[in-house]
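Novice: Return atomic coordinates for the entry below.
(chains A and B)
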Amino acid sequence: MSDAASPLLEVRGLVKEYPGVRALGGVDLTVTSGQVHCLIGQNGAGKSTLIKCVSGLVEPTAGEVRFEGEPLPVGDPNASIARGIATIYQELDLVPHLSVAQNVFLGHEHKRGPLLNRAAMHRETRALFARLGDEGIPPTAEVSTLRPAQQQVVSMARALSHSAKLLILDEPSAVLDDVEVEALFGVVRRLAAEGVGVIWISHRLGEVGELGDVVTVLKEGRTVATELPPDTPVDTLIRHMVGGRMEALFPDRGPFREATVLDVRGLTRAPDVFDASFTLREGEILGLAGLVGSGRTELLRLVYGLDPAQSGEVEVGGRRLPPARPDLAIRAGLGLAPEERKSEGLWLDWSMVRNTSIADLSRFRRGPFTDLAGERRDATRHLRSLNTQPDAPERAARLFSGGNQQKAVLARWLLRSCRVLLLDEPTRGVDVGARSEIYRVIADLAANGIGIVMVSSELAELLGFCHRVLVLREGRIVDELDGATSTEEDVLRSAVPVHHITKAG
Amino acid sequence: MAVDTDTTTVDARSRLRQVPVQELVLPIVIIALIIVGAIIRPGIFLTSDNLLNVLTQASITGIIAIGMTFVIATGGIDLSVGSALAAASIAGGLLMPFGSWMFMLGALAMALLIGAINGAAIVWGKVVPFIATLAMLTIARGLALWMAERTPISLIDLDILQWFGSGRVLGIPIPALIFVIVSIVGWVVLNRTTFGRRAVAVGGNRSAARIAGIRPGRVIFAVYVLTGLCVGISAILLSGRLASASPVVGNLVELDAIAAVVIGGTALTGGKATVTGTFFGVITFGLIFNLLNLLNMPTEIQGIVKGLLILVAVALQRRD
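Specialist: Predicted structure coming up:
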């Protein structure tokens, strides 16, 4: 590879304006070969717009992008790919029902005459995985059967198959658990050592110090700090991101009450969940920890009745829930904020008001009609009580940031006056500034007597403000920890399957 | 600024989209058609008789299209409505000896039954709507022919029924009046009742609807029954107008109804529906056929024009 210090990518004074909005107001960024460049900033800081300008998906209004010293044609994704820029977006763009090798070579298949040369593609796919240090993925496997972490590796293999010189990863760790993130770090370091430049966009500030060579912070479409060393304290990074002001990240744990509001006994649905039992008191925040695939999400779905349980029962406030009837679970006082907020939680084209009122439409029934004014009034009140920004309840949910979309889901259950909230990864895709606000909202709900069950892949979050943390491993609850006194190591020790630690198992 | 600027592309686009294209374009098209008609057929086209005739002609398909709007709002489709129209007419015709009211009861009962079977096959049989209603398309047509023994049933003695088909109230033909009433009721149900909201919710995001406590199966079942009701009303009006119940009526009505819904702006994928658009879509087709008829164009030409119109209208709507 070329001189490691030569600038691979130079972005100067990049501006992108949309009607009425300035997404980028002058961004500078320099990435060299072999460098892992961490790009951080709140949602709306312009990170995604910046990388879309580099990858050619978006045409900048002004400014310059140079790649290997030469100007990059703007607004031409094919040119960017041809020059060696590969982008892996937050939402993986793999074709789920094609094989791994078919995905890797999608659009630039090897051919022998008019026919596909499958053998060559399989061979090269294996070689790419070897380069990525992950040889466990068979090239013939269907992508939909792979875990998210493996799918990410497939995306990277695809990028490498284009002989990428610059790899852009947009929030690669968002869907991964801590162990998988560690593996991904290994892959990225390996590529950087080969001379590939990497732009790593993340919300997890802890990763920055562990992985990055330099850090650039964007805020409101501008570069506010660049060439920061990786050992920059997290506090400093947050100060750059939020503009000097820093809030206490986790709210205090409030007291909870004696009364049991949720009683889960022996819930089983093979192969995901086995014999899960726990109780939840009013006002208690109970965390569910575990690796991805340990059955956390599946357990929440069982409690809520989205999937039928094979055995076991759920009681809310002493009343037993009929199986597989989410509508009756809601009537009994349950509410769920699903992990896939956009695909399972919201109607993105609907206004925030409609998204908020949907679980309790009957409340607004006046004779045969819906009381639209009342709907708007009540939904708006709950959205405001959660400080949803911007304060535009008639706007489509699509136009709000992740954190504010999450507030619409929470407002929905406030409107419904639920007694137990099941939260699946409530801060996924939510930026740091908005996260502490979500935490505060959750703590406030608990203080009002609502019982909270919260699944999270981020241990800091679970230990930061949950009263208790249950650890799941391979579908079973294997440990119960006190939130205030336990450490991330305690959780991981229980969460990681034994055969990952010793070969003996 | 707290808006996620990462989505500003969408923001700009959706601001354009906020102009309800189909609800503006179609009225303009309708006005243009009326002007063209007034110019090329002066004194004939622009008469209240002719325009009421357009509305009356369109009413049979139009009433069904209103029901179809709900089916399509949930992401479904109902291909059986044309055959169901014939089956309902014959079911009523078999009760002809017992008078007009029994005819109507019979027609409505058959249409509702067909809708309920469609809904049951889709919800509990888990057959996709396209296939379930395609099967019903041939079943209902067969049923109509078999029940009628292939011959039309004369309804010449049913005065009340014929009044519904050909009578007038305040000078307005009753089918046209009922079409307008069904459209208004349809608008209210879609936009002002929990049922309408839920139908669109199920079509827009079924898993989110389930998590929000909606039972998608019930809603989906209901929209097919609702369409059955519309088919039953149409069967009554059509039979009354023809003064006979025929097993061969309603051919391709399903496609006309779907076409009107689609050019009206309701998304075939579900989750976005407009009764106003459907109403305008029905009127647009009605005017075009009326004009072509006045110009003595052969029916082949009408088919070509209809097809082209669907293509152009839908292509225009997808431009944003």
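
Novice: how about the strands of the stretch 201-320 of chain B, start to end?
Specialist: For the stretch 201-320 of chain B, the strands defined by DSSP state E, counting those that start in this stretch occupy B:244-245.

Novice: residues from it in reach of chain A?
Specialist: B:201, B:204-205, B:207-215, B:271-272 (C-beta under 8 Å from any C-beta of the partner chain). C-beta: built from backbone N, CA, C; applies to glycine.

Novice: For PyMOL, write the selection for the buried entries among the residues you listed.
Specialist: This is the PyMOL syntax for the buried subset of those, where burial follows 16 or more other C-beta atoms under 10 Å in any protein chain shown:
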select buried, chain B and resi 201+204+205+208+209+210+211+212+213+214+215+271+272
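
Novice: Looking at the residues of the stretch 201-320 of chain B next to chain A, which are in helices?
Specialist: Judged by DSSP state H, helices contain the following of these: B:201, B:204, B:207-211.

Novice: could you dump the helix or strand harbouring A:L288 to CSV, C-alpha only?
Specialist: Assigned by DSSP states H and E, A:L288 belongs to strand A:285-289. Listed in CSV are the C-alpha atoms of strand A:285-289, where the atom choice follows Å, rounded to 0.1, in the frame of the first residue of the first chain:
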residue,chain,number,x,y,z
ILE,A,285,-37.0,-1.2,36.6
LEU,A,286,-35.9,-4.7,35.7
GLY,A,287,-33.2,-5.2,33.2
LEU,A,288,-32.8,-8.2,30.9
ALA,A,289,-29.3,-8.8,29.8
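
Novice: average pLDDT across that strand?
Specialist: Model confidence over strand A:285-289, given as mean pLDDT, is 95.

Novice: How far off centre is it?
Specialist: 18 Å (C-alpha atoms, centre = their mean, to the nearest Å).

Novice: Packing partners of that strand?
Specialist: helix A:296-304, helix A:432-447, strand A:451-455, helix A:459-465, strand A:468-473 (3 or more C-beta pairs under 8 Å, 6 or more residues apart in numbering or on different chains; DSSP states H and E).

Novice: Would you format the ones you listed as CSV with distance to B:G93 included?
Specialist: Shown next, in CSV, are the helices and strands packed on strand A:285-289 (distance: least, C-beta to C-beta, whole Å):
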stretch, distance to B:G93
helix A:296-304, 51
helix A:432-447, 62
strand A:451-455, 61
helix A:459-465, 69
strand A:468-473, 65
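
Novice: Output those in TSV; the columns should cover mean neighbour count, distance to chain B and mean pLDDT.
Specialist: Converted to TSV, the helices and strands packed on strand A:285-289 look like this (neighbours: other C-beta atoms under 10 Å in any protein chain shown; distance: least, C-beta to the nearest C-beta, whole Å; pLDDT from 0 to 100):
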stretch	mean neighbour count	distance to chain B	mean pLDDT
helix A:296-304	25	8	95
helix A:432-447	21	8	86
strand A:451-455	26	15	96
helix A:459-465	21	21	85
strand A:468-473	23	21	94
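
Novice: any low-confidence regions in the stretch 1-150 of chain B?
Specialist: B:1-23 (pLDDT under 70).

Novice: cutoff 50 now
Specialist: For the stretch 1-150 of chain B, applying pLDDT under 50 flags the ranges B:1-18.

Novice: And the helices in it?
Specialist: In the stretch 1-150 of chain B, the segments counted as helices under DSSP state H, counting those that start in this stretch are B:8-17, B:21-40, B:48-73, B:81-94, B:100-123, B:129-147.

Novice: How far off centre is the fourth one?
Specialist: Right, helix B:81-94. With C-alpha atoms, centre = their mean, you get 16 Å for helix B:81-94.

Novice: tilt between that helix and helix B:129-147?
Specialist: Interaxial angle, helix B:81-94 versus helix B:129-147 (axes from the mean of the first three to the mean of the last three C-alpha atoms, to 10 degrees): 30 degrees.

Novice: Which strands and helices lie in contact with helix B:81-94?
Specialist: helix B:48-73, helix B:100-123, helix B:129-147, strand B:153-154, helix B:216-242, strand B:244-245, helix B:253-264.

Novice: Could you tell me how far the third one lies from the centre of the chain?
Specialist: Read that as helix B:129-147. 18 Å.

Novice: what's the answer for stretch A:437-457, then?
Specialist: 18 Å.

Novice: Tell me which of the helices and strands packed on strand A:285-289 lies nearest to A:V496.
Specialist: Closest of those to A:V496 is strand A:468-473, at 7.6 Å (criterion: C-beta to C-beta).

Novice: Downstream of the closest one, the next helix or strand is which one?
Specialist: strand A:476-482.

Novice: Could you list the buried residues of that next one?
Specialist: Buried residues in strand A:476-482, counted by 16+ other C-beta under 10 Å: A:476-477, A:479, A:481.

Novice: hey, which of the helices of the stretch 1-150 of chain B is tucked in deepest?
Specialist: Stretch with highest mean neighbour count among the helices of the stretch 1-150 of chain B: helix B:81-94 (a mean of 29; mean count of other C-beta atoms under 10 Å in any protein chain shown).

Novice: quick revisit: please dump the ones in helices among the residues of the stretch 201-320 of chain B next to chain A into TSV; it should also carry pLDDT for every row.
Specialist: Below are these laid out as TSV (pLDDT from 0 to 100):
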residue	pLDDT
B:A201	96
B:G204	94
B:S207	92
B:A208	95
B:A209	96
B:R210	95
B:I211	95
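
Novice: Just send the residues you listed back as a markdown table, with distance to A:Q102 too.
Specialist: Formatted as a markdown table, those follow (distance: C-beta to C-beta, whole Å):
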| residue | distance to A:Q102 |
| --- | --- |
| B:A201 | 36 |
| B:G204 | 31 |
| B:S207 | 28 |
| B:A208 | 31 |
| B:A209 | 34 |
| B:R210 | 33 |
| B:I211 | 33 |
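
Novice: Other residues contacting the strand holding A:L288?
Specialist: A:253, A:256, A:278, A:280, A:296, A:299-300, A:442-443, A:446, A:451-456, A:459, A:462-463, A:465-472, A:483, A:491, A:495 (C-beta atoms under 8 Å, 6 or more residues apart in numbering or on different chains).

Novice: Neighbours of A:R239, how many?
Specialist: Per other C-beta atoms under 10 Å in any protein chain shown, the neighbour tally for A:R239 reads 16.

Novice: secondary structure class for it?
Specialist: Here A:R239 is helix, with the state taken from DSSP: H, G, I helix; E, B strand; the rest coil.

Novice: Residue numbers of the stretch 51-200 of chain B in contact with chain A?
Specialist: B:188, B:192-194, B:197-198.

Novice: Tell me where the stretch 301-450 of chain A has helices.
Specialist: Counting by DSSP H, counting those that start in this stretch, the helices of the stretch 301-450 of chain A are A:326-332, A:352-357, A:372-385, A:402-415, A:432-447.

Novice: quick one: the second one to chain centroid distance?
Specialist: When distances are taken as C-alpha atoms, centre = their mean, helix A:352-357 is centred 23 Å away from the chain's centroid.

Novice: for the fourth one, same thing?
Specialist: Between the mean C-alpha point of helix A:402-415 and the mean C-alpha point of its chain there is a distance of 17 Å (C-alpha atoms, centre = their mean).
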